Every structure is written in structure tokens, then in C-alpha cells.
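Q: Curious how this folds, go ahead:
(chains A, B, C and D)
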There are 4 protein chains.
Amino acid sequence: MSDAELLLVFDSKVDRSGIDGWTQHFDSTGTTATTYRLGAVDVMVAQGPATLLPAPEDLPRPTHTVRASGGFRLGRRELVPSGTRVSIGSAVIGDGDIAVFAGPCAVENREQMLSTANAVAGHGAVGLRGGAFKPRTTPYSFQGLKWAGLELLAEAREETGLPILTEVVDPRHVDRMAEVTDAFQIGTRNMQNFSLLSEVGRTGMPVVLKRGFGCSVEELLTAGEYILAEGNDQLVLCERGIRTFEGSTRFTLDLSAVALLKRRTHVPVMVDPSHSLGVPELIEPLTLAAVAAGADALLIDVHVQPQQALCDGKQALLPADFGRIMGRLDSLALGLGRRLGIGPAADYSQIHDVLTGDVV
Amino acid sequence: MSDAELLLVFDSKVDRSGIDGWTQHFDSTGTTATTYRLGAVDVMVAQGPATLLPAPEDLPRPTHTVRASGGFRLGRRELVPSGTRVSIGSAVIGDGDIAVFAGPCAVENREQMLSTANAVAGHGAVGLRGGAFKPRTTPYSFQGLKWAGLELLAEAREETGLPILTEVVDPRHVDRMAEVTDAFQIGTRNMQNFSLLSEVGRTGMPVVLKRGFGCSVEELLTAGEYILAEGNDQLVLCERGIRTFEGSTRFTLDLSAVALLKRRTHVPVMVDPSHSLGVPELIEPLTLAAVAAGADALLIDVHVQPQQALCDGKQALLPADFGRIMGRLDSLALGLGRRLGIGPAADYSQIHDVLTGDVV
Amino acid sequence: MSDAELLLVFDSKVDRSGIDGWTQHFDSTGTTATTYRLGAVDVMVAQGPATLLPAPEDLPRPTHTVRASGGFRLGRRELVPSGTRVSIGSAVIGDGDIAVFAGPCAVENREQMLSTANAVAGHGAVGLRGGAFKPRTTPYSFQGLKWAGLELLAEAREETGLPILTEVVDPRHVDRMAEVTDAFQIGTRNMQNFSLLSEVGRTGMPVVLKRGFGCSVEELLTAGEYILAEGNDQLVLCERGIRTFEGSTRFTLDLSAVALLKRRTHVPVMVDPSHSLGVPELIEPLTLAAVAAGADALLIDVHVQPQQALCDGKQALLPADFGRIMGRLDSLALGLGRRLGIGPAADYSQIHDVLTGDVV
Amino acid sequence: MSDAELLLVFDSKVDRSGIDGWTQHFDSTGTTATTYRLGAVDVMVAQGPATLLPAPEDLPRPTHTVRASGGFRLGRRELVPSGTRVSIGSAVIGDGDIAVFAGPCAVENREQMLSTANAVAGHGAVGLRGGAFKPRTTPYSFQGLKWAGLELLAEAREETGLPILTEVVDPRHVDRMAEVTDAFQIGTRNMQNFSLLSEVGRTGMPVVLKRGFGCSVEELLTAGEYILAEGNDQLVLCERGIRTFEGSTRFTLDLSAVALLKRRTHVPVMVDPSHSLGVPELIEPLTLAAVAAGADALLIDVHVQPQQALCDGKQALLPADFGRIMGRLDSLALGLGRRLGIGPAADYSQIHDVLTGDVV
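A: Modelled structure (predicted):
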């Protein structure tokens, strides 16, 4: 039993001195204990002999305790049974509504960025995605507009009111990027770039952590611990497809993982169907399926001129197709007893009209 | 272009002599042509020089023509754009409604079979599943009740009115089994047992063909051709999970494949979440996701006493859990503009009540 | 411990009455016991309370006993620690020498078959492969010459003296095929076609069982039990590549599986690099690697005119390339303390000359 | 043809002005051209109209030209047909000899490091491996001794004369680490951490780039371009197993990839059987197989007390087992017409004795 950990959850009624009392208790019994701040609660992780014994009566009681083992600790559903809400600017992920982030794969130029941003805002997206730094499989491909791209994202936010989510690829960029973006995205190739994870964790800002295409659900959960262990609970895990032998789609979207994550962790779950599939006509059915499987949020590639995109254009949706999906999501939400979150720039009745005309 | 085929579709207005005229035309130009009966239409597959030239004016016009290549021919969506309906006894798959087949993995004894059959019938299933011949990875495991199990399935059909679907594992069993069952199931391990496929194809009876867990979507489609090429269009393709590196579920359910199949073939698509997942608590969300991705039908393991099942019990649902899923499917169907098919033995209002109480 | 089995191995000094004594002992203590003939030994598999207790003194002692669990029993290395030898005509697999079977993927016509057979015989192959019945992914592809192909194989055997190995795809073909072939091959798509496995097992003839491309090492071992449980120990397991995300070769040859199989089972192990790779220039290095990993035998596609092959020609070697590989194998064998087996029709000194000229 | 590139290789007889002439020629014809220094040659990569036309007569002729497409350019075998040699201290990889690097997975303490180093040196290793910075799947595991670990590696080098190879995980560590280590290792989780690749590339020092366990051969080759494009040809690509459904080994060692890499790139190839397998008894056969498939170098985990290792101990070999493998490699090398490279601290005759006694 030497590997097992005891997690003690303390709500805000327990003050510093109460926590210190527990720490001293564990210290005095040869038990290691570390305390982490996780949103509104403190979580103490203890390992050692005292975890198996009754605790002194005079210590403040934890809200609840959880036994764990292995490296998955702070993300466990039992710590925050109602689930954690992550706020990215005005958007909320994890409150039960379906939160849709959309935008181009890569920021290419002012015209493309602003027109796409306006389009997705008009169709009800709650947040804007766009890559300024692009990790490409070869050094000879377009690597993104970098800092200039970030400025264009900020301008698009100014114009639409949508918060922005953008990828970070280098720990040396984190501080400068934090001044502009509303949330960090860690791409699939960097899921186990632990230096980068710790660095974004330290900012306390929201982080969308994409699953490595060769990584297991367990590894996604333990990678998330690198961010949570910095005292940052503003984490979203994102399923984006895994590598399999099946070649008719770019990756195999693992929706079982979505359902599993919802049961194992309090951290909300996002799905990126665009990068998984690489086939635009499949995005609508898989978006619906992702939500039916329990996804809190979606990340969808939209481009005003997909055929001219500098990066992954073939999988991007036209704004009109994105609008139709929003209508179908609104209808699906009803069938699931949920609601579609609608961003600040959209008119809900219009989205609902799409539904009324298109589906029923 | 020597590998390309031209598919000519003729509706019932074109009689035998018209088809014969085309055959003679192709014969006389060094072009091979074979005609297949596919439900209400005739499909002529031609390969050779004449497929690239205008045809004589006096031949009856095909309804439409399709160019193809590779081994996927008779299943192409373009041949039957509205989709094929498969009738298994009173149940219909492919008419837009959600058709749920349920029952135990293996037929174990009279008591288990009848009580499970009554339970799933009461909750609205349109068909009954149950394995009499079980292909097991080792010869030392329970191999099913065999012919006696088939008799129990027939008795359960008698009692509930539900049509039965059962697995066939040996071409030498096909004729005898055809006298009892309403439809054949080909299991994942036999998807490429081509002798068996041809044999069940020849019966003209409905066949549910499960995807091999190591096989691609393309291979599932071409395996289906072994049945269609026998003039049997009563085929259902079933996604049941593929082998990947992810170990938290038994297999990885490939819902992208479901959406893809719906676009590529006129043959209806079933999903078996039970065998894919091996985790009962994930069956509900993945069942919903499968339908949202476009599945026509579902195949769900239900057992009155899962913990005592002789085969794969750990993945079976209790009847009450199955009932709750039926309620959620009814609600989901509304959100998708579809309907849940309800079998002869169930009271729809009861299912709807579950929904009203449970979800909204 | 209810699932655990005790395997008792008896050598030929123990006669029928001794075995019967053990059977009665187990029967009288509520323990199930079944006896299998495995080459020169009898193996009794017992499950139940008596397996945990001392046995009566008057029963003949087993050579050794092995505790097992799960479905892998008769193939366990511990039962025949020195390994089983399989005889296919004049060829022996499992005696330490490297046994090479070669020939065309499919028998196409007399000229092709005889010229290829003569070529591989001249280069030292110990056996001839050739497919008369071909399981193809689509019904519209060449399915083999069937019984006529089998006759051509027999003729090639007559001419070269090489024993023949050919694939069986239907349990209804087994008896007729047994009259002609020296050994059965079960293809990758039929590894879990258990009806077929039992049927070939019953003949007592040698069987080469290929690993399913979606199947685990464990499943290959338990599939082999279907043949061993018929009292047939003339089994060879064949690694031929598995399905993975890597697309630069047709399958991923799993040589770790070869090393693992050699440690877990007494059944000899063959490797088929040709079907795994689909890239002729990789066959030489992977053939060498397979032997270095411990393979007892090899199965190599050779065709006199690969570019005109009706089936999988692009992976076949020209006879001259096959000859060069035989030379390199002869040299490699020295480095491994083994020998290259040389068939009846070849002149060893010639193969050795290739080596001397080509490598050193 | 707009995506195609023309690669022009110039040997040292062509001086700066010759290169400049070509650059001007391409500039004047709307063709982009970039020149890279790759060991002893200059490679100019040109894209545009002039690549399809005859070049002016007065320009110096390239040694040879190669047409390419996609992102794989500077690593192409055709550029350096004889293969590139990489020098790590006194060790050479790519000269035909088998170069073995060995040592503990993680540097743990002075005693463990020095005793392991002495052991592998005594058995003939040409280089020493050891992790000071360890990327672990969870933040709660031992992360390595970091800079103190690097000092212990340097001390072990001092004592044994073996050059050291150690992993780098953060671009901010590169310069400081370059002052101590002889070569950088990029781990499997960082294969597509492009910021890190560029940073180590810039040092000009040798880099061992491990294949991502979810990445294709093609992606490994294009990741290598990030280092080559910095003008650094001291690159070694390392196969270490990929993720598949097969669970009996930790990863599936892809030796087809080794053979393929040897044909596609001039960069030498290393194999790490230890991390791939996770089963010590399989390391010997797979090490032999890796060399037979064409590997230039090996990376093997050795630990004086595997059962007490802080990291991945269960896969480490004892020094004596490592010594036996060296003997078998020496013998195998003979059979392949190669030689086992022997480090400065070992006595070759002793290794040969092992062979003589153990194998033949």
C-alpha cells in the first residue's frame, strides 16, 4: 500500500492554520503531504503511514477524502463532483451548456482573420480560435505569422467581442503571449512537452490541452496534472483523434474517451472534430455525436475560403456550413436536456430559425 | 482506365429483354458485363472499351449510371440514393427510425432467455439478439448451447413477438439455421470468412455483418459485396469497435466510420456499443453518440443477471438501465428530427414517461 | 484459484491404465480432467480441488506438472521444453535449422508454377508454397485456380521433390485437400475461424497458422489450442505483420512477437516477411532480422515474373534475389550458431558460394 | 509541379563564388533557392521555374542533382549515398561497425552511475547513456537529478573514457548542457517539439532523435529536417517502438522502419530495444534482430541493481547479461560481414571469448 495516496479536500471554511495543523500532523508521523489550491478548495495529498490511521480529533475535518494511486490525483472527479467551470473571457466551459469555439486553423492575414471572426461570431460561437504559431511536421512549411498573428487575433477580439484561444509552442513565449491571449492551447504534438505544460500552468490562465494522437486517456489525465499541480484549475482536456490503422479519416475520433473523461475527471472536455477527420462532410455528424457523448465544448475550423487556406484548409468549413451545424446543435441540445451556449455577437432567434427550417 | 467499371442501374420498367440487349451490346464489343438483382433494381456491371463510348439508341435507358473502381460496387450509395430498407421479421432497419435490437450475448438457459427477452420487449426493442453458437478465443470456454440455444431463441420469439438475430459461424450450419432464425449475424472474427459470407448471401435472408476489429471501412464495404453479389440486398453493416493502442475500453468505437458508411453506401448501418466498450457505464453516452453520428440501428447486450453471465457479462446492461437508455433515445430522436422505433410488445407512452421524468 | 488448471505431463512409460488411474482419482474428488495426446506425451488438464492436494502414492508420477490459467494450455513451452519438431514431407521445422518455404502467392498456371518451383528448389528451399484457394477482399478479384491449382502444386512437388504447403479456406474442403497437400496453411483472415481450425486439427496433418493482422500474440496462442486440442501437435505459428498506423509498409512485422512466442510455446515459429512488407527491397533485411529474432522458418513469395502476377505480385522476389537471400541466410546462420536447412533439390556448395562471393 | 524541389549537391571543389552564381541565376528567374551546409557538401534547394530548364553553361556543375517533393529534403540518401558518419566523442556511428551505447535509464547517484559506467565500458560499449532530466508522464514521479546528474555523467566519462549521451527536454537548457554533454538525445515525447529541435540543431553538436511512439517514419524523417536545416548533419535517428494494440510488449519495435530508413536517408540509424520491449529476456533476440535489419547503433539500458532503479528498472539488463549480448553481437557481426565496435576501455579478446564459449 506504499504507493497509495490519500487526498483530503478542504473547503474555504478551513483556514491556513487548519491546513498547517494537518501538515504538522503528517510531518510528525513520517508521512509526506503537499497542499494544492484547486479553485475554491484546498487539496492535501498525503502518502505514508498516517494515511491509514485515524486523524487527531482536533484537526478540522476535510469535506471528503479520496484514496488514489498512480499519478492521477488533482483531476479526479471525486474532488469536485459537480465539475469545474473554466472561464475564457466571457465564455464558460463546463456549466452544462455547449460551448463552441471556432475560427481558422492559422491566422493568415487581416482580411481572412476578421472576416472569419465576424462570420463565426454571427453564427453564435462563444470563442475564437486561430493559430499564430503553427507546429508543422516540416521546417519548410508555413510556420504561422507568429507575434503579428497574435495581434490580428487581438484585433478580431476587439471587433467581435469573442475571447481568443491560441496555441503556444515554446516555454519562452508564455509570458509575452499571456499579455494578449485569453487562453492557451497546447497542441497534440506537445501534450507531453512537460516544460511547456508547467510554464503555462504557472500563469493561472485557462489552458486547453489537446490529447497526443499517440497517447492514452490515462496519459492525457496525468499530463493535465502538470497544470493542476501549479494550482491552476482552469484546464480543459481536448479529444482530437488518435492514430489507428484506419485510413479513411486522418485520425480516429475517440468518443469513448470523451464519455470516460467525463466520468473520471472534474475538468471539462472539448472535442475537435476538424483536425480528427480531415473530411468536411463528416464534421456535422461527428460534432453532434461528440455532444451526445458528453462533450462540454467544441473546437471547429472555419475559413472563409478553405481552398486557399495556408494550413489544413481541406478540413475547414465554410461559414454557412458552420451556421447549419449551430442550428442542428441547438436542436440536439433540446433532445439532450442541454442548451447551446450563444456568444455575445449572435442573435439566438436566427440560429433557432435555421433549426426550424432545416431539420424539423 | 482498364480497371474502371461502369455500373448501370435499371428500374423495374426495364424487362429481361432490355437487359439482354445490353448484355449482347457489351458482348459484341469485348466488354464484360454481369447483372445483379439488388432489391427492386437490376445493376449491370460492365468493364471494357464500350463503357467509354455512347450506347446504341435503341437500348432502354438506365435510371442512372455510376463509374466505380476497386472492389466496391453494389453497395455504393449512388445505386440506391434513398437507402435500402432491411426487414427482419416485423422490424425494419433503414427507414429513418432508430431500430434497437437487444438481448443476451449468449443464450444460456430457458429462464435467462425468456426473462431477458420479455424485459427488452417491454422496454421497446424491435428485435431480439442472442448467441447460440459462440466463437470463443479458446476452445476451453463455453461455446454456446448450439442448436438447443436456437430453439430457445425461437421460443422467446413466440412469447414476445420479436424477430430474432443470431450468429452463424460455419457454412455447414447455414441451411439448418435459416429454418429458424429471422436474420444471420456474422461476427467480427468472421468478417473476412468469405465462404461463410457467400453461403449466407445465397439464402436471401437478412444479414448483419460486423466489422472485423482489425479491418478498415473499405474492407467492410468490400466484404459486404460478397453478400450483395449473391443478389441479396438485405444487408446491414455493423460497427463494433476496432483495435487500437487505447486500453481503457476493450475496443475503440469508430463513429467516424458510421458517418462515412452512411455517405458511401445505401446499406443501413448498425452500432454495437456493448462489445466495443466493455464498460457498462459508457454504453448510454456512446449509444446516444452512435445515433447522433447517423446509425440506423443499435445492438445492445442486456442480461437479467449480468454478474452470472457465462459470456461477456461484465458489459451487459440490466433491464432497468436498458429502459432508461430507451427513454433517452426517444428524447434524442426528437432533437435529431427522427423517431425511436418501438417493437410490438411495448407501450410507447411508458417509454416516453421515462423520458419525461428522467431527462427533461 | 477456481480458474487455475494443473497440467500433468506423462511420457510414454506411463500406459493407459496409469492414465486411467489418474482420471478416476480426479473424478472421485470433484475435479474435471481431460487427457490430450501431444506428440510423444500425454497431457492431462485438471481443474478442481484435487489439483491443490497431494496425489495418491500409487499413481504413476508425471514427468512434470505445470500450473496454468486462461485458455493457453497445450502450447505452453514447459510441456515440451526442447520444442516440438513439425515434419512437412521431407522438411522439418523446429530442429534448430532455418527452414525456408518459398513459391508464388497464387498458383496461376502450369508454366508459372513449375518454373517458380524449380527456381526455389534450385536455391535451396525446403518446401514449396502456393495458393490454390485465395481469400480476396472483394468477390470480383481472382479467387485462385482452386482444385486445378492444387493439382499443379502436386505436379510441382513431383518434379522438385519439395513438399507443398497451401491455404485452406473452407471446412468443407479439408478432407479432399488432405489427400493432396503436405500441410495446411490457415490465412490471417481465418485465424479465428474456429470451425476451420478444429477441422484441420482433426486431420492430424501439419498446420501453419498465420497470425490475424488484428490479433494479439495471446490470441494466436489460444487459436493454436483449437488444433492442439484435437491431439495434433504438428502446428507452426506464423507472424506476418499486424495493422498499425504506420503506412510505409503494408503491415508492421512484429519481431518482438517472434522472440516472445519462442519463449512461451514449444510450437515452432515461422515468419512471412513478404506479405507483411509489400516492398521487395525490404524483404532481405527483415528476413535476416526474423531469423536473428529466433524464427525457425520463413515463408517467402517468389515469382518468375512478379510484374505479371495475378495476386500480390509487387511483393514477390525474383528467383535471383531469392538466391541471394539464401546465401546471406547461410552466412547469418553461422553468426548465430545455427544452420540453413537445404532442400533435396539444391547443391549446398552453390549457396555457400553466393555467400562467399557476395558478403564476405 | 509547383511543389517539387530540385536539390543540387556541390562538393568542396565548388567555392563561395560558384554557389553565389547559382543563387543569382535562380533569383533572376523567379526561383527560390536556399543553401545548406551538410558536412562536406553544400546543398542548394531550389523551387520554381528554373528547376525545369537547362542551367547556364558557365556555372560550376553540381556533383549530382535530386528531385524531391514534400518536406523531406536534406536527409535524402541520394545526397550522401555512402552515408553520413556521426562522431560522438571517440565513438563513430555510421561507419559500418555496430556502435553500442549503454548505461542506466536515469542517473540516480554517484555510486550507481560510476559502477554502471565501468561495467558497460568493460564490456565494450563505445558510449555511455544516462538521463539527468527525465520527462515523466506524471509530475509526481522522480524527474531526474537534473544538473547534478549531468555532473555525475561527466565524472563517469572522466573515469571510463566513454563519451556521454543525455536527454534534453527544454530549449532553455540547451546552451548550458552543451558545455558538458557529448551529444543530445531528444526523447520520444519531444520528437515533434520543433522549438527544441531547432535549438539543438543550432549547436552543431550530435543529436540522437528518437521516433515519437505515435509518429510515422515519414514524420521522423521530416522532424530530422529541423536539425539538418540548421546546417547540422550530426544527426542519428532512433527507432524505439510504436504504439499498437499488442500489449505483450510495451511498444512494438518496428524493425521494418530501420530497414526503410537505411534506404531512404544518409543519416545513421540507432535502435533502443530496452524502452520498446519492457521485458528484459526479449532484449537479446531483438538486439540481434535490429542489427540484422541494418541498425548502425544500439542504445541499451543497463543497471547494476535493476530492481532498485528509480525509473524503468524492470527493463534494464544486469551487466553480465549485457556482456553476453556483446559476445553474441560480435559473432552476429561476422555473419553479416560487419564488425562490433569496441570502446576504449574494453579488451576485445575477452568479448570474443564470451562468444567462443557461449555460442559456437
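Q: going forward, measure contacts and count neighbours with C-alpha atoms only.
A: OK.
Q: For the helix or strand in which A:Gly335 is found, enumerate the helices and strands it packs against.
A: A:Gly335 is part of helix A:319-336, with elements assigned from DSSP states H and E. Helix A:319-336 sits against helix A:110-122, helix A:283-292, helix A:348-358, helix B:319-336, with contacts defined as 3 or more CA pairs under 8 Å, 6 or more residues apart in numbering or on different chains; DSSP states H and E.
Q: Mind jotting down where the strands sit in chain A?
A: For chain A, applying DSSP state E gives strands covering A:5-10, A:32-38, A:41-47, A:64-68, A:86-88, A:91-93, A:99-103, A:127-129, A:164-167, A:183-186, A:207-210, A:235-239, A:269-271, A:297-301.
Q: export the ones you listed to a markdown table and tack on distance to D:Tyr226?
A: Shown next, in a markdown table, are those (distance: least, CA to CA, whole Å):
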| stretch | distance to D:Tyr226 |
| --- | --- |
| strand A:5-10 | 42 |
| strand A:32-38 | 39 |
| strand A:41-47 | 41 |
| strand A:64-68 | 41 |
| strand A:86-88 | 34 |
| strand A:91-93 | 37 |
| strand A:99-103 | 28 |
| strand A:127-129 | 27 |
| strand A:164-167 | 20 |
| strand A:183-186 | 20 |
| strand A:207-210 | 23 |
| strand A:235-239 | 27 |
| strand A:269-271 | 30 |
| strand A:297-301 | 27 |
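Q: Next, the buried residues of the helix holding A:Gly335.
A: A:319, A:321-336 (16 or more other CA atoms under 10 Å in any protein chain shown).
Q: likewise stretch A:4-20?
A: In stretch A:4-20, counting by 16+ other CA under 10 Å, buried: A:Glu5, A:Leu6, A:Leu7, A:Leu8, A:Val9, A:Phe10, A:Val14, A:Gly18, A:Ile19.
Q: Show the average pLDDT along it.
A: Throughout stretch A:4-20, pLDDT has a mean value of 91.
Q: same deal with stretch A:227-241?
A: The model assigns stretch A:227-241 a mean pLDDT of 98.
Q: Kindly report the same for stretch A:290-309.
A: Averaging pLDDT along stretch A:290-309 gives 94.
Q: From the chain's centroid, how far away is it?
A: 14 Å (CA atoms, centre = their mean, to the nearest Å).
Q: what separates the closest residue to A:Glu199 other than its chain neighbours from A:Tyr140, distance-wise?
A: Using CA to CA, 6 or more residues apart in numbering or on different chains and skipping residues adjacent in sequence, the residue nearest A:Glu199 is A:Pro171, 6.1 Å away. Relative to A:Tyr140, A:Pro171 is positioned 22 Å away (criterion: CA to CA, to the nearest Å).
Q: How about A:Lys134?
A: 12 Å.
Q: Which one's more surrounded, those two?
A: A:Lys134 (23 against 15; other CA atoms under 10 Å in any protein chain shown).
Q: Wait, that one touches A:Gln143, no?
A: Yes: in this structure, A:Lys134 is within contact of A:Gln143 by CA atoms under 8 Å, at 4.9 Å.
Q: Could you pull up the contacting residues of A:Gly122?
A: A:Ala345, A:Ala346, A:Asp347 (CA atoms under 8 Å, 6 or more residues apart in numbering or on different chains).
Q: How about the contacts made by the residue of chain A found nearest chain D?
A: Residue nearest to chain D within chain A: A:Gly214 (4.1 Å; CA to the nearest CA). Listed by CA under 8 Å, 6+ apart, the contact set of A:Gly214 reads A:Ile242, A:Arg243, D:Phe213, D:Gly214, D:Cys215, D:Arg243.
Q: Kindly recompute the last result at 6 Å.
A: With contacts defined as CA atoms under 6 Å, 6 or more residues apart in numbering or on different chains, A:Gly214 is in contact with A:Ile242, A:Arg243, D:Gly214.
Q: Please report how far it lies from D:Phe245.
A: 12 Å.
Q: next one: A:Leu334
A: 38 Å.
Q: same question, A:Val208
A: Applying CA to CA to A:Val208 and D:Phe245 gives a distance of 28 Å.
Q: if we can go back for a sec, and the strands of chain A as CSV, adding distance to chain C?
A: Output for the strands of chain A, formatted as CSV (distance: least, CA to the nearest CA, whole Å):
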stretch, distance to chain C
strand A:5-10, 30
strand A:32-38, 38
strand A:41-47, 33
strand A:64-68, 28
strand A:86-88, 34
strand A:91-93, 33
strand A:99-103, 29
strand A:127-129, 29
strand A:164-167, 26
strand A:183-186, 23
strand A:207-210, 19
strand A:235-239, 18
strand A:269-271, 21
strand A:297-301, 24
